[in-house]
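Peer 1: predicted model, plus sequence, below.
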Amino acid sequence: MGKNYNIAVIPGDGTGPEVSDEALKVLKAAGNRFGFGFNFTNYDLGGNRYLTTGEILPDSAVEELRGYDSILLGAIGHPDVKPGILEKGILLKLRFAFDQYINLRPVKLFPGVDTPLKDKGPEDIDYTVVRENSGGAYTGCGGNLMIGTPHEVATQEMIYTRHQVERALRYSFDLVRRRHSKDNPWRGLKAEDIAAGKIGQLTLCGKTNVLTFVFGLWERAFHEIAPEYPDVKIDYCHVDATTMWMVKNPEWFDVIVTENLFGDIITDLGAMTQGGMGIAAGGNINPNGVSMFEPIGGSAPKYTGKNVINPLAAICAGSMMLETLGEIEAAQAIENAVMDVTGTKMKSMAAGRMGFSTQEVGDLVAERV
Ligand code: IPM
Ligand code: MN
């Protein structure tokens, strides 16, 4: 008998509960097939709880969550709650509380999924963005002075320590190796790539031409660490140019590492090129602690309770969770099942146009797992 994982589930707002139900269904199927189990514990956090009790994220909940193997999040965001309250009070607070310093966002176009990029297919769009998730402008350093006067001052500083930069870079170099290692062939190089001499590549995305202090630090650390990874080709792109190449030549990328706010922005672009919010998943990872996995999309209030929202992003978040827990084969089985469903069954990734209900899509994936 395999392991039993203790997973905290935060279904959250809007369509969050519907998509997380499907993710749990698929995770259970994977556990049955590969011989491990789950104890799922629900945490009622989000807009409804806030509106009825005034509570956002009690400290006691944070302490409890610390004891789980992982956290799966549906969606946070409520139309009746002012923007920022739940995002900062739940999502960002958890990222910081558990020092989830990596935000991992794969940009992978699955078979059968439409991309707005003309003439690009699954062989072109398959890279991963490592968004540094603990520092930068998200640090919260700054403030306002003389509010309401014509001389009001506002600052919001992009702050990085060498330690933060170094751990994000090391994670990224290691990730390149993992993507191309023989022990993990499902993300390894294809035989023809190897024959063509292709090796894994890490692109640092920055702005060394203007933000010379912060990206000076990133660049120095990047070049100092690189010699430890002679098998990884290193590459650099300014953030503005990165957005250009993500559209024009996404096949150039393997792993991109970048600071927090740049990563926030470029991963929304990446998500659109892989078929949109219905399919894009991400992980807030502390490699030595409690990580949290989520569909990148929001709570989609307009589709709530209609059984029409696409659950694949949440299902893929579940697959990422298993990969991080070390259940590589099971993670692969889920991703393969998703690819079969997008490639052979679904009409569209858009809510209401999938050709199936939310639950039916979950069933299709679970059957294949
Ligand atoms: C994301 C979101 C969050 C962020 C918001 C909701 C706080 O945009 O996960 O990308 O800015 O990180
Ligand atoms: Mn974002």
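Peer 2: That came through, no problem. Numbers count the residues shown, from 1 in each chain. Ligands and ions are numbered 1, 2, ... in the order given.
Peer 1: now whichever residue of the stretch 201-350 of the chain sits closest to ligand 1: closest residue in space, sequence neighbours ignored.
Peer 2: Nearest residue of the stretch 201-350 of the chain to ligand 1 (Cβ to the nearest ligand atom) works out as residue 264 at 4.6 Å. Where you see a C-beta, it was placed from the backbone N, CA and C, and this is true even at glycine. Ranked by Cβ to Cβ, 6 or more residues apart in numbering and with sequence neighbours excluded, the top spatial neighbour of residue 264 is residue 131, at 6.6 Å.
Peer 1: residue 62 too?
Peer 2: Among residues not flanking residue 62 along the chain, residue 97 sits closest, at 5.2 Å (Cβ to Cβ, 6+ apart).
Peer 1: residue 64 is in contact with the one you found, correct?
Peer 2: No. Counting by Cβ atoms under 8 Å, residue 97 stays clear of residue 64, with 11.6 Å between them.
Peer 1: more neighbours, the two?
Peer 2: residue 97 (16 against 13; other Cβ atoms under 10 Å).
Peer 1: can you give me the distance of that one to ligand 1?
Peer 2: Going from residue 97 to ligand 1 by Cβ to the nearest ligand atom, to the nearest Å gives 14 Å.
Peer 1: residues near residue 214, how many?
Peer 2: 20.
Peer 1: measure it to residue 251 for me?
Peer 2: 29 Å (Cβ to Cβ, to the nearest Å).
Peer 1: what does residue 349 give?
Peer 2: 21 Å.
Peer 1: between those two, tell me which one has more neighbours.
Peer 2: Higher neighbour count among residue 349 and residue 251: residue 349, with 22 against 14, using other Cβ under 10 Å.
Peer 1: show me what contacts the closest residue to that one other than its chain neighbours?
Peer 2: In this structure, residue 349 finds its nearest non-sequential neighbour in residue 278, 4.0 Å apart by Cβ to Cβ, 6+ apart. When contacts are counted by Cβ atoms under 8 Å, 6 or more residues apart in numbering, residue 278 touches 297, 309-310, 312-313, 349-351.
Peer 1: redo the residues you listed as JSON lines? Include secondary structure, pLDDT and distance to ligand 1.
Peer 2: Output for these, formatted as JSON lines (DSSP: H, G, I helix; E, B strand; the rest coil; pLDDT from 0 to 100; distance: Cβ to the nearest ligand atom, whole Å):
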{"residue": "297", "secondary structure": "coil", "pLDDT": "87", "distance to ligand 1": "10"}
{"residue": "309", "secondary structure": "coil", "pLDDT": "97", "distance to ligand 1": "18"}
{"residue": "310", "secondary structure": "coil", "pLDDT": "97", "distance to ligand 1": "18"}
{"residue": "312", "secondary structure": "helix", "pLDDT": "98", "distance to ligand 1": "18"}
{"residue": "313", "secondary structure": "helix", "pLDDT": "98", "distance to ligand 1": "12"}
{"residue": "349", "secondary structure": "coil", "pLDDT": "96", "distance to ligand 1": "19"}
{"residue": "350", "secondary structure": "coil", "pLDDT": "95", "distance to ligand 1": "20"}
{"residue": "351", "secondary structure": "coil", "pLDDT": "95", "distance to ligand 1": "19"}
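Peer 1: most neighbours, which of these?
Peer 2: residue 309 (32 neighbours).
Peer 1: looks like that one contacts residue 303 (just checking).
Peer 2: Yes. Taking contacts as Cβ under 8 Å, residue 309 lies within contact range of residue 303: 4.8 Å.
Peer 1: quick check: neighbours shared by these two?
Peer 2: 15, 351.
Peer 1: did I read that right, the residue nearest to residue 264 in a strand?
Peer 2: Yes. Assessed by DSSP: H, G, I helix; E, B strand; the rest coil, residue 131 belongs to a strand.
Peer 1: how near is it to ligand 1?
Peer 2: 8 Å.
Peer 1: buried residues in the particular helix or strand that has residue 19 in it?
Peer 2: Using DSSP states H and E, the element containing residue 19 is helix 16-34. Under the neighbour-count criterion of 16 or more other Cβ atoms under 10 Å, helix 16-34 has 16-31, 34 buried.
Peer 1: who touches the closest residue to ligand 1 within the stretch 1-150 of the chain in this structure?
Peer 2: In the stretch 1-150 of the chain, no residue comes nearer to ligand 1 than residue 87, which is 3.8 Å away by Cβ to the nearest ligand atom. Contacts for residue 87 (Cβ under 8 Å, 6+ apart) come out as 76-77.
Peer 1: one more: residue 11?
Peer 2: Applying Cβ under 8 Å, 6+ apart, the residues contacting residue 11 are 17, 20-21, 42, 44, 46, 74.
Peer 1: could you redo the last one with a cut-off of 10 Å?
Peer 2: 17-21, 23-24, 42-46, 72-75, 314 (Cβ atoms under 10 Å, 6 or more residues apart in numbering).
Peer 1: quick check: residue 6 is in a strand.
Peer 2: Yes. Secondary structure of residue 6 (three-state DSSP): part of a strand.
Peer 1: my guess is it contacts residue 72. True?
Peer 2: No. Applying Cβ atoms under 10 Å as the test, residue 6 and residue 72 come out as separate, 11.6 Å apart.
Peer 1: what is in contact with these two at once?
Peer 2: By Cβ under 10 Å, 6+ apart, residue 6 and residue 72 have these common neighbours: 38, 40.
Peer 1: more neighbours: which of these two?
Peer 2: residue 72 (26 against 13).
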